[in-house]
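Peer 1: quick check, what structure comes out for this input:
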Amino acid sequence: MRFQTPLIPARLVRRYKRFLADAVLEADGREVVAHCPNPGAMLGLADPGMRIWLEPNDDPKKKLKFGWRLVELPGGHLAGIDTGVPNRVVREALEARAIPALAEYGTVRPEVRYGRNSRVDFLLTEPGLPDAYVEVKNVHLSRKPGLAEFPDCVTERGAKHLGDLSAMVAEGHRAEMLYLVQRTDCTCFDLARELDPGYGAAFDRAREAGVGVICHATGITREDVSLAGVLPVQA
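Peer 2: The predicted structure is shown next:
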């Protein structure tokens, strides 16, 4: 998934009202307001003074002319903060059959209604195989070196999705929870159970019910975000 316009560096002043951020552009020192496409807690990724990367736009329909896309991490690593990116990356990978665990499926349908008034991120079909329901979660929390964690705050919606996937397994389908780690400094994945015990319990019930778990890293540059290798799941 390529960014539409070249990203520009800035320093974060503050994030507020969940979807807004003030930042100072490095090029000319202007302070601008950027859209923050992330409703989560963004622990460790929204500290004042952090170097961030913004995507400018000249769309007259958009009130804000900058979108916050990346955070620069120690050691030259990057983290993506746009929660809309994982679905785009995963869709590209599914259509290219680039996710080994799901490569047998040739038809990819996004946003299909299922479960309890929900929409599954992707429904995969292939003659001779059970339909595969795939939910995608963005992961960008890391509190220990090399360890990616989810969630970064309470997510009742996420727990509901796990229940919906379990129901699909009970009906004879396949169901997979796919965690996409949108930062380049992590080598394994676990649940942040103490941040949302309810999600942890729902996760355990889903695995017992037969829901599969897949975790992939991403390759992140200032030009694009792409699927990278499989990460081990410790949960």
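Peer 1: could you use CA atoms for every contact and neighbour count after this?
Peer 2: Will do.
Peer 1: ok, now which ones touch the nearest residue in space to residue 15 that is not next to it in sequence?
Peer 2: Excluding the flanking residues, the one nearest residue 15 by C-alpha to C-alpha, 6 or more residues apart in numbering is residue 21, at 4.2 Å. Residue 21 is in contact with 12-15, 33-36, 68, counting by C-alpha atoms under 8 Å, 6 or more residues apart in numbering.
Peer 1: just the ones of those in strands?
Peer 2: Judged by DSSP state E, strands contain the following of the contacts of residue 21: 12-15, 33-35, 68.
Peer 1: adding distance to residue 59, write these out as JSON lines.
Peer 2: What follows is these, written out as JSON lines (distance: C-alpha to C-alpha, whole Å):
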{"residue": "12", "distance to residue 59": "23"}
{"residue": "13", "distance to residue 59": "24"}
{"residue": "14", "distance to residue 59": "24"}
{"residue": "15", "distance to residue 59": "23"}
{"residue": "33", "distance to residue 59": "15"}
{"residue": "34", "distance to residue 59": "14"}
{"residue": "35", "distance to residue 59": "13"}
{"residue": "68", "distance to residue 59": "16"}
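Peer 1: now the two most distant members of the residues you listed.
Peer 2: By the measure C-alpha to C-alpha, 13 and 35 form the most distant pair in the ones in strands among the contacts of residue 21, at 13.3 Å.
Peer 1: compare these two and say which is more crowded by neighbours.
Peer 2: Neighbour count, other C-alpha atoms under 10 Å: between residue 13 and residue 35, residue 35 has more, with 22 against 19.
Peer 1: and that one, bridged to which residues?
Peer 2: Residue 35 has these beta-bridge partners by DSSP bridges: residue 20, residue 67.
Peer 1: which ones are touching it?
Peer 2: 19-21, 64, 66-68.
Peer 1: show me where the chain has its helices.
Peer 2: Ranges of helices within the chain are 85-95, 156-170, 197-209, based on DSSP state H.
Peer 1: any chance of the ones you listed in JSON lines, with distance to residue 7 and mean neighbour count too?
Peer 2: Below are these laid out as JSON lines (distance: least, C-alpha to C-alpha, whole Å; neighbours: other C-alpha atoms under 10 Å):
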{"stretch": "helix 85-95", "distance to residue 7": "15", "mean neighbour count": "19"}
{"stretch": "helix 156-170", "distance to residue 7": "31", "mean neighbour count": "19"}
{"stretch": "helix 197-209", "distance to residue 7": "35", "mean neighbour count": "17"}
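Peer 1: can I get those in TSV with distance to residue 102?
Peer 2: Shown next, in TSV, are the helices of the chain (distance: least, C-alpha to C-alpha, whole Å):
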stretch	distance to residue 102
helix 85-95	7
helix 156-170	16
helix 197-209	18
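Peer 1: model confidence score at the residue in the chain sticking out farthest from the centre, please.
Peer 2: The centre of the chain is farthest from one residue, residue 28, which by C-alpha atoms, centre = their mean lies 31.6 Å away. On the pLDDT scale, residue 28 is placed at 96.
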